[in-house]
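A.B. asks: give me a model of this one.
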Amino acid sequence: MKVDNFFAELKRRNVYKVAVAYAVVGWLIAQIATQIFPFLEIPNWVVRLVIVLIATGFPIALVIAWAFEATPEGIKRTEVADAKHEHSRGKIWIYVVIIGAAISIGLFFVGRYSAQRTPVESGRPSGPSLPEKSIAVLPFDSLSRDPDNAFFAEGVQDEILTRLAKVADLKVIARTSTQKFKSAPDDLRNVANQLGVMNILEGSVQKANDQVRVNVQLINGLTNAHLWAEIYDRKLTDIFAVESDIAKTIADTLQAKLTGSEKTAISKEPTSNTEAYELYHKGRSLWGKRTGDNIPKAIAFYEQAIARDPNYALAYAGLSSAYILSPFYADANRLEMSAKAKEAALKALQLDPNLAEAHAALGKVLFFGEIDLAGAAREYKRAIELKPNDADAHHWFSNDILAALGRSDEAIAEGKRSVELDPLSVVINADLGETLYFAKRYDESVTQLRKTLEIDPTSFYTHYNLGIALQAKGDLPGAIAEYEKAKQLGDNTTVSTFYAAAKAQAGDKDAARRMLSELDEISRQREVVGYLRALLYLSLNDKDEALRWLEQGVKERDGSNICWINVDPLLDPLHGDPRFEALVQKVIAPK
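C.D. replies: Take a look at the predicted model:
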């Protein structure tokens with residue numbers, strides 16, 4: 001058949017018409033799949049399947065158009081139709097093309113318009129769109145029969161997360177927030193929106209004797225598209241290589257740019273002792289809970305990890321952080337714990353000078369234990385440089401240093417960054433409220449603290465801070481009510497003191513006097529910091545005694561209260577007094 005005759009035959013058999021009509025209708029179906037299916041939460045693989053079927057069907061449609069003819073009598077082979085001179089004279093295909101094209105163009109522009117709109121309609125949270133290079137590592141399922149191996153699974157999750165957190169080009173959500181979800185949630189879109197990330201890593205761990213299997217899958221949280229999956233069957237001693245490989249592959253998949261130092265950091269092996277590794281992660285899991293006797297238990301596990309591997313820098317850093325917080329959660333001796341915390345942090349840095357967790361721990365020691373704001377700032381900044389996604393380092397730098405120095409805008413920005421990285425952390429959210437309080441933005445502080453109570457209505461720490469904000473705002477009945485709730489949920493000397501000071505400010509001066517007597521009794525058994533007595537005397541309008549006890553607080557190195565005296569709204573009546581201003585300079589001056 002000549003070429004000219006062949007093309008004429010294509011035209012006579014309506015192959016051109018079928019090709020055009022198929023292309024238009026195929027484009028229409030593809031637009032429906034890509035624009036409408038995501039709103040109906042239909043999995044992404046269905047969209048891909050539809051497009052593959054459209055492409056596969058095109059040559060089949062052309063073959064059928066060549067071989068068959070639509071006639072008034074129905075579908076017949078072309079040769080039969082030619083013999084009987086039966087051909088379709090209709091122009092239905094023209095209408096199909098026009099209508100299909102119109103619908104396709106309409107869907108295209110609807111999709112473009114809706115993609116540009118702010119997000120409630122597309123299932124995303126209102127506000128800025130989710131960053132593409134963002135990830136949450138959800139808890140890994142432990143498939144081992146031994147319940148104790150659940151800590152091992154947590155450790156694998158935490159190590160992967162920690163390695164990713166060192167990559168500045170990624171946004172990585174802290175474990176405190178991801179732990180609130182199960183390993184394979186039914187509604188990934190909801191999880192992604194709550195955590196403010198585009199991507200989710202799910203996984204499971206099965207450990208048996210010296211063998212371990214790690215199964216991971218990286219998923220787009222908004223479309224359910226599976227971006228990458230792998231199963232690792234290795235010896236237990238190879239677990240660090242597995243964690244490093246997973247972190248690298250995720251970074252590559254999300255097209256994150258890694259510096260040379262970041263590549264080295266995520267490949268680093270923290271310990272060669274798998275038993276020490278498991279003990280460390282048991283301690284870290286308990287430290288993160290910060291309730292009841294979990295801090296002392298965490299200290300015990302950290303110490304056991306160090307006994308198994310005396311060169312385990314990360315375990316020393318964990319031990320330091322547990323020591324420095326133990327006076328607030330376990331009523332431990334403040335000065336003794338501060339000394340131990342500093343020793344552990346310095347040991348960690350001696351073993352690994354580039355360990356972000358050790359720099360953050362030392363910063364907390366310098367702030368709480370030595371009232372060294374400049375030193376603490378240096379350490380927090382170094383921690384953030386080494387681990388840009390460290391929510392705790394951003395949190396402490398914000399609420400400790402920047403807030404205490406009165407750099408309010410910077411403090412709030414850093415506080416909001418820490419909330420982005422750990423959006424469901426009660427402590428971090430509450431301390432953002434406290435930072436706003438120090439900035440004297442009381443309405444915003446109250447709003448933030450009420451929002452924190454939505455995360456955990458039983459948080460005595462949040463109720464206590466809400467009481468302080470309301471007291472500074474002038475709402476004494478509201479403040480007293482919040483202090484009462486805090487006392488019911490977790491009564492301690494500090495909450496009782498603030499409660500008594502608020503009642504005295506409201507007119508019940510005897511409440512402050514009774515509390516002063518109680519503090520005298522308590523001080524016979526354990527330390528009572530000067531700041532608490534200063535608040536009570538100030539509520540009694542005795543500024544001289546208040547100043548005397550604040551001076552005592554400086555001598556006691558009570559950084560957990562004294563560091564903020566320049567911005568503490570409850571101490572505003574003392575501003576302008578030469579003794580107070582001298583104290584402020586002593587606190588904020590570089591050591």
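A.B. asks: name the residues of stretch 570-587 that are buried.
C.D. replies: Leu570, Leu571, Leu574, Phe580, Leu583, Val584, Val587 (16 or more other C-beta atoms under 10 Å). Quick note: C-beta positions are derived from backbone N, CA and C, even for glycine.
A.B. asks: roughly how far is that stretch from the heart of the chain?
C.D. replies: Computed by C-alpha atoms, centre = their mean, to the nearest Å, the chain-centroid distance of stretch 570-587 equals 38 Å.
A.B. asks: what does that stretch contact?
C.D. replies: Stretch 570-587 is contacted by residues 371, 373, 404, 468, 471-472, 501, 534-535, 538, 543, 546-547, 550-551, 554, 562-563, 565-566 when judged by C-beta atoms under 8 Å, 6 or more residues apart in numbering.
A.B. asks: alpha carbons of it, as PDB, please.
C.D. replies: Provided in PDB are the C-alpha atoms of stretch 570-587 (Å, rounded to 0.1, in the frame of the first residue of the first chain):
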ATOM      1  CA  LEU A 570       6.000  40.400  89.200                       C
ATOM      2  CA  LEU A 571       9.100  42.200  90.200                       C
ATOM      3  CA  ASP A 572       8.200  45.500  88.400                       C
ATOM      4  CA  PRO A 573       7.600  47.400  91.600                       C
ATOM      5  CA  LEU A 574      11.400  47.000  92.400                       C
ATOM      6  CA  HIS A 575      12.600  48.700  89.100                       C
ATOM      7  CA  GLY A 576      14.300  52.000  89.800                       C
ATOM      8  CA  ASP A 577      15.700  50.900  93.200                       C
ATOM      9  CA  PRO A 578      19.500  51.100  93.000                       C
ATOM     10  CA  ARG A 579      19.900  47.800  94.900                       C
ATOM     11  CA  PHE A 580      17.600  46.100  92.400                       C
ATOM     12  CA  GLU A 581      19.300  47.600  89.400                       C
ATOM     13  CA  ALA A 582      22.700  46.500  90.800                       C
ATOM     14  CA  LEU A 583      21.400  43.000  91.100                       C
ATOM     15  CA  VAL A 584      20.100  43.000  87.500                       C
ATOM     16  CA  GLN A 585      23.600  44.000  86.200                       C
ATOM     17  CA  LYS A 586      25.200  41.300  88.300                       C
ATOM     18  CA  VAL A 587      22.900  38.800  86.700                       C
END
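A.B. asks: Val50: how many residues sit nearby?
C.D. replies: Here the number of neighbours of Val50 (other C-beta atoms under 10 Å) works out to 18.
A.B. asks: looks to me like it is in a strand.
C.D. replies: No. Assigned with DSSP: H, G, I helix; E, B strand; the rest coil, Val50 falls outside any strand and is helix.
A.B. asks: where do the helices sit along the stretch 251-400 of the chain?
C.D. replies: For the stretch 251-400 of the chain, the helices defined by DSSP state H, counting those that start in this stretch cover 260-267, 274-289, 294-308, 313-329, 334-351, 356-370, 373-386, 391-396.
A.B. asks: TSV for those, including distance to Thr458, mean pLDDT and mean neighbour count?
C.D. replies: Shown next, in TSV, are the helices of the stretch 251-400 of the chain (distance: least, C-beta to C-beta, whole Å; pLDDT from 0 to 100; neighbours: other C-beta atoms under 10 Å):
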stretch	distance to Thr458	mean pLDDT	mean neighbour count
helix 260-267	37	90	16
helix 274-289	14	90	22
helix 294-308	16	96	20
helix 313-329	16	95	25
helix 334-351	26	97	20
helix 356-370	26	97	27
helix 373-386	30	97	21
helix 391-396	21	97	27
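A.B. asks: a markdown table for these, including distance to Glu159?
C.D. replies: Formatted as a markdown table, the helices of the stretch 251-400 of the chain follow (distance: least, C-beta to C-beta, whole Å):
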| stretch | distance to Glu159 |
| --- | --- |
| helix 260-267 | 10 |
| helix 274-289 | 8 |
| helix 294-308 | 14 |
| helix 313-329 | 10 |
| helix 334-351 | 17 |
| helix 356-370 | 13 |
| helix 373-386 | 16 |
| helix 391-396 | 17 |
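A.B. asks: quick one: closest of those to Leu143.
C.D. replies: helix 274-289 (16.4 Å; C-beta to C-beta).
A.B. asks: got the angle between that closest one and helix 313-329?
C.D. replies: 30 degrees (axes from the mean of the first three to the mean of the last three C-alpha atoms, to 10 degrees).
A.B. asks: need the contact partners of stretch 512-529.
C.D. replies: By C-beta under 8 Å, 6+ apart, the list of residues contacting stretch 512-529 from outside reads 331, 333-335, 493, 496-497, 500-501, 503-504, 532-533, 536-537, 539-540, 553, 556, 558, 560-561.
A.B. asks: from those, list the buried ones, please.
C.D. replies: With neighbours counted by 16+ other C-beta under 10 Å, the contacts of stretch 512-529 contain buried members at 334, 493, 496-497, 500-501, 503-504, 532-533, 536-537, 539-540, 553, 556, 558, 560-561.
A.B. asks: list the buried residues for stretch 455-471?
C.D. replies: 455-456, 459-471.
A.B. asks: which of those residues fall within strands?
C.D. replies: Among those, DSSP state E puts none in strands.
A.B. asks: in terms of distance to Trp287, which of these ranks first?
C.D. replies: The nearest member of these to Trp287, counting by C-beta to C-beta, is Tyr461 at 16.0 Å.
A.B. asks: with adjacent residues omitted, what lies nearest to the closest one?
C.D. replies: Excluding the flanking residues, the one nearest Tyr461 by C-beta to C-beta, 6 or more residues apart in numbering is Ala430, at 5.6 Å.
A.B. asks: how about Leu386?
C.D. replies: Leu386's closest residue in space is Ala356 (C-beta to C-beta, 6+ apart), at 3.8 Å.
A.B. asks: isn't the one you found up against Ala393?
C.D. replies: Yes. In this structure, Ala356 is within contact of Ala393 by C-beta atoms under 8 Å, at 6.7 Å.
A.B. asks: which residues do these two both contact?
C.D. replies: Ala383, Ile384, Lys387.
A.B. asks: thought His395 was touching the second one, still the case?
C.D. replies: No. No contact is recorded between Ile384 and His395 when judged using C-beta under 8 Å, the distance being 10.6 Å.
A.B. asks: can you say which of the helices of the stretch 251-400 of the chain is nearest to Ala153?
C.D. replies: Nearest of those (C-beta to C-beta): helix 274-289, 9.3 Å.
A.B. asks: tilt between that closest one and helix 294-308?
C.D. replies: Using the same axes, to 10 degrees: helix 274-289 against helix 294-308 is 160 degrees.
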